[in-house]
Structure formats: structure tokens, C-alpha cells
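*Asks:* no FASTA, just this:
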């Protein structure tokens, strides 16, 4: 194999109820990485399309480049790679773009190896790539769903255990991206070092109910539980019109609605309602605050990263 | 029916990983309540055995009496009751004794009604009874397992949704009760109003992993997750030798070990190891701190409250 193109989807981090541990893949938007064996060692970024001026082309400063380097180092690959990146995920959107690039980089380079690693072994390399963008704490809440697809839970502390959570049939995710950027590191910096105990207890109850609801396909329990008492109140002010957007989504019958990652994108889960109507109401609220926006509507069992082309 | 005796089991609140939301029933220890229709209205406690001097006989100050009154009021029963209480759970032990009495009271009185309520409708009345002992916040982490049995999750905020969680086969619970009392209200009072965000995130990951592990019967994930980063550090000092007891349990192969409720009892989950040896090691650690103790070894699918006798 001399050239491989991998696609990795955008994702919603936190999913309201599981800060830093839950994530879900989105069907549709994503980043592509094409990797080629190079004559020189190390990683070289030869092209970045989609958002050429906005992200660093130097491999060590690029999440795809870092993920690729991490994988090459760990496998003693014995060759270098050239990467081309096609960004399909807006920067600073809260849609897991840095994670998707890292995953696409790892998956593409992996396919160039004489003995490719199993998917589970790629997680750490994608995390090593995404670490760059996360503002200091390596975490996998975007990397895991982008790699595996669907709804994922990352637990077990340093062990990085990823569990695929079952998703009741018929659920959809509406994602609205207002034209505004929030860097992940900024989204981290606004968070307090402490949280009120009573809200934490409420959040623990919500996470428990949410996961039990997913396994039991109990939509009512999911709707009761899909909320964020601890992080959303600290970040809502960063997104103009946040509560108007959220209220519009809930008024249209969404099961829950919150920030995607650290925002500014806002997601809502729906079932048995018109997702297009939910999206329109959310976009109208943003428009009322002077913000244009894009929308995506995705099923919740969205696929993870895939190889799209190899030669 | 003129006389009914109900038994309600002791329980482990919090189960380390789910503060105020998880609980599990214990097979063996429990409280009994015998209820009889009375000529007078209201609730009269006619006898308390087991711990006669230590708990209030006045119905309004007794959790069984309050649960009974709550149920009578809600159902317009049209009669009063006399209650006899046989306490099998040590006071201030962290074994859910006040919840068990409340559950036994509600279940016994319910059976006297012309149209008894379904079990799920009794939860709120048992909670109303146990409220008395909880130091201000009505919660169901002991009441729910004592009523339903097994491992329970209470979520949904004020909605008090109870989910039975599946328990992988072969698990046991070792519970050691040192001869020491901690009132629930005191166990609450030591808790800070704030928690460090990083520990909360760790705890959220742990709870997620734990519940997913239960549904997937993934013992390794349960063992990785059965821990308490937020409450145990604040309460451990209340129990002399806590860390010695815990370390002994883990050294003997326990999957996890923490306070039962607000303590002083300490529980450990085991599988594929000698639970008697775990218990002995835990008791030896308490003895090293001058504390005599009792032990119980229970399966994890312990039954909930039952009617034992009716005439």
C-alpha cells in the first residue's frame, strides 16, 4: 500500500450528561487524511484543504501529524509519511475536528503499516494527537466516537476503557453550528476548579439514569437524564442565545439539548418528532442573536472512521 | 387481614461509586414490622424489640411509624394501626436500618389495605418515613434496594425513578460492621459543599464504567470502576482503621471496598475469591484498631422486602 485515505467523523463530546467521558459520532461531517509512504523519515504535511490558513501545517503542531508520528514511533515503522488533510469540520466549532483529524491520521497511517494494528490499539495514538488541542488533559471523549462510531463511554481512568453504549432505535441528533469559534482551551479555562456538591449529586444521578436508559431502551428515562447541571451553566454565556436555542429545541419536543463539547455548536436529541423543525427552531433562535448557522441531522448509530481509498 | 408481618433487608447505600443514587440489598440482616388494624386512628408503636432503648417509640419520630402514617394518609385508609418493630439492624451502622424500618412499615401496612398499592407506589411512603433519619434530604438509595432487592439506581431527580441494575452472576458482598455508631446526619455534616472538579470527572467516569460493566457483565470494568473519589476521602477519618480495612480487602482480591452509606460499616465486593478470608482480613484490621466487629456475607441479588406472616 502506498497511499491511503481515511475518513473520521465529527463528534459531540460530553453529550450533556457525561462530561469528558461520553461522546457520539455524527453521520456526515468529518475530516479526511491521505497518507503516503515518504522517502524521508518523520511526518510531513504536504497539503491542508478546507481551512488552509487556519491550522498549522507543521506536523508537530497538527493533530493528524502528531497522531501519525505517535503511531510510527510506537510501531518502529521504519518509514516516514506525507499527509494531506481535507478538513470538513469547522475550526473551534465544538464538533471534535481536532479529534477527527487525529483519528483520520492514525487510521490512514495504520493502513500503510505492514502489520496494521487493531482499531482498539489506535485510540492512544489518536489521543496523543488530539492532546495538542485539548488544553492540557488527554481525553478521549471525541476521539473514541470518531474512531469507533456510535455512542461511546470512556472510563477506567488511565486505562482508557472504551465501552460502546447501545442506542435505542429511532433516535436522531440535530447539531447546529453558529458561525463563531471557541477554542477548546478557552472552553476549559472558564471552568471552575470546584463544583457544588448538590449539583454533582444531581449529575451523577443523571448519568446513571442515562446509561441505564440506553441499555434498557427507556426513552423517558433518557429524556429525564439528558442534562448537564455542572458544566453547561459555566459555559452557556460563551454562546450568544444559548438558552433561547435550547428552549426552542425542547419546545419542539427534543429529548435534551446542550453544548456540543465546549461549544459553540449545540446539539439536541430527538425521537418521534420532526428533526428538521427542531433544527429550524434552533437556527431561528441563533438568527435572533445575529448568528448565522449550519445544521446537521444525524442518526445516533453513526459509523466511525473508515478507509475510503487505498492504492 | 388483621395482622401482617413484613421483613425489609439491610442495604449498602452509595455502593462507593454512586453517591446518593446506588444501593444494594443485603441477604440476611433486616428489620421486621408487624402491623395490626387498631380501634384508634393514626399510628401507635406498641413494641420495639432488638434495640428497645435506642430509638423513639413515638410514631411521628420513628421511620416505620412515619412511613405507615404517610401511606394511611395517602390512601384514606379509614383506620389506624398498631406497629411492633423488631430491629435486626444495628443503629448508626451505615446498613440502612432506618430505611429498612420504613420499608417494613410501609409494606406491612399496605397489606392491611383493602386495595393494597403496587410495590412501586410504596417507595414514596418509605422515603417519607426515612426522611426523618437522612438529615434533611429525602433520598432513596437505601429505601429502594430494601424495597426491591438487588442493586438499584435512583435517578430522574424528583421523579424518583428506580432502575434495577443487572448484577453479574457469582458476585458477593462482604459487610463488616465495627462496634461504633455514626449518625447519618453526622455523616452528612462532614461533607463539603464543594468538590474538586477533577475528582468529579473521575467519579463520573467511574459511575459510567460501573453501570456499563454491570449491564455487560464485565467484571474487570466493574473492578476498575468500583471506587469513590469524592465522598470517601471526606468520611474515612470517621472510621478508625478505614484504610487498613480497605487495603486488607483489596489485598485479598476484593473488586472494590468502601464505606457502606456514611459508615462505619465497610463493604467489599468479591468474585472468585474466598469471601470468608476477605471478611477475616477486614475484621483483623478493625481489631488492630481496637474495634470488635460483626460480619455478613451476602449474594448481590438479595431479595427485597417480603410479607412473612399474615392473619
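*Replies:* Ah, there it is. Computed from a predicted structure; not experimentally measured.
*Asks:* and stretch A:103-118, what's buried?
*Replies:* Applying a neighbour-count criterion of 16 or more other CB atoms under 10 Å in any protein chain shown, one finds A:103-112, A:116-117 buried in stretch A:103-118. All C-beta atoms are positioned from the backbone trio N, CA, C, and that covers glycine.
*Asks:* of those, which belong to strands?
*Replies:* Per DSSP state E, strands hold no members of the buried residues of stretch A:103-118.
*Asks:* between the residues you listed, which is nearest residue B:149?
*Replies:* Within those, proximity to residue B:149 (CB to CB) peaks at residue A:103, which comes in at 43.7 Å.
*Asks:* ok, the residue in the stretch 201-311 of chain A that chain B sits nearest to - contacts?
*Replies:* Relative to chain B, the nearest point of the stretch 201-311 of chain A is residue A:209 (3.0 Å; CB to the nearest CB). Neighbouring residues of residue A:209 by CB atoms under 8 Å, 6 or more residues apart in numbering or on different chains: A:221-222, A:224-225, B:153, B:155-156, B:161, B:163.
*Asks:* part of a helix, is it?
*Replies:* Yes - applying DSSP: H, G, I helix; E, B strand; the rest coil, one finds residue A:209 inside a helix.
*Asks:* partners of the spatially closest residue to it that is not a sequence neighbour in the sheet?
*Replies:* The shortest distance from residue A:209 to any non-neighbouring residue, by CB to CB, 6 or more residues apart in numbering or on different chains, is to residue B:155 (3.0 Å). As for beta bridges, residue B:155 partners with residue B:161 under DSSP bridges.
*Asks:* skipping adjacent residues, who's closest to residue A:15 in space?
*Replies:* residue A:22 (4.1 Å).
*Asks:* that neighbour bridge partners, please.
*Replies:* Bridge pairing for residue A:22 (DSSP bridges) gives the partners residue A:153.
*Asks:* wait, what's in contact with residue A:208?
*Replies:* By CB under 8 Å, 6+ apart, the neighbours of residue A:208 are A:225, B:18, B:21-22, B:153, B:155, B:163, B:207, B:211.
*Asks:* need the per-residue pLDDT for the residue nearest to residue A:209.
*Replies:* For residue B:155, the pLDDT comes out at 88.
*Asks:* what's the average pLDDT for stretch A:262-274?
*Replies:* 96.
*Asks:* straight-line length of that stretch, end to end?
*Replies:* End-to-end distance of stretch A:262-274: 26 Å, with CA to CA, to the nearest Å as the criterion.
*Asks:* what does stretch A:186-196 give?
*Replies:* Taking CA to CA, stretch A:186-196 runs 22 Å from one end to the other.
*Asks:* picking up where we left off before, just the closest of the buried residues of stretch A:103-118 to chain B, please.
*Replies:* residue A:103 (20.4 Å).
*Asks:* contacts only, for the nearest residue to that closest one once chain neighbours are set aside.
*Replies:* Spatial nearest neighbour of residue A:103, excluding adjacent residues (CB to CB, 6+ apart): residue A:8 at 3.8 Å. By CB under 8 Å, 6+ apart, the contact list for residue A:8 reads A:30-31, A:33, A:99-104, A:107, A:146-147, A:304-305.
*Asks:* also residue A:258?
*Replies:* Contacts of residue A:258 (CB under 8 Å, 6+ apart): A:14-16, A:226-228, A:232, A:246, A:266-267.
*Asks:* just those residues: which are in helices?
*Replies:* A:232, A:246 (DSSP state H).
*Asks:* mind putting the contacts of residue A:258 into a markdown table with neighbour count?
*Replies:* As requested, those are arranged in a markdown table below (neighbours: other CB atoms under 10 Å in any protein chain shown):
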| residue | neighbour count |
| --- | --- |
| A:14 | 25 |
| A:15 | 30 |
| A:16 | 26 |
| A:226 | 21 |
| A:227 | 20 |
| A:228 | 25 |
| A:232 | 19 |
| A:246 | 22 |
| A:266 | 27 |
| A:267 | 29 |
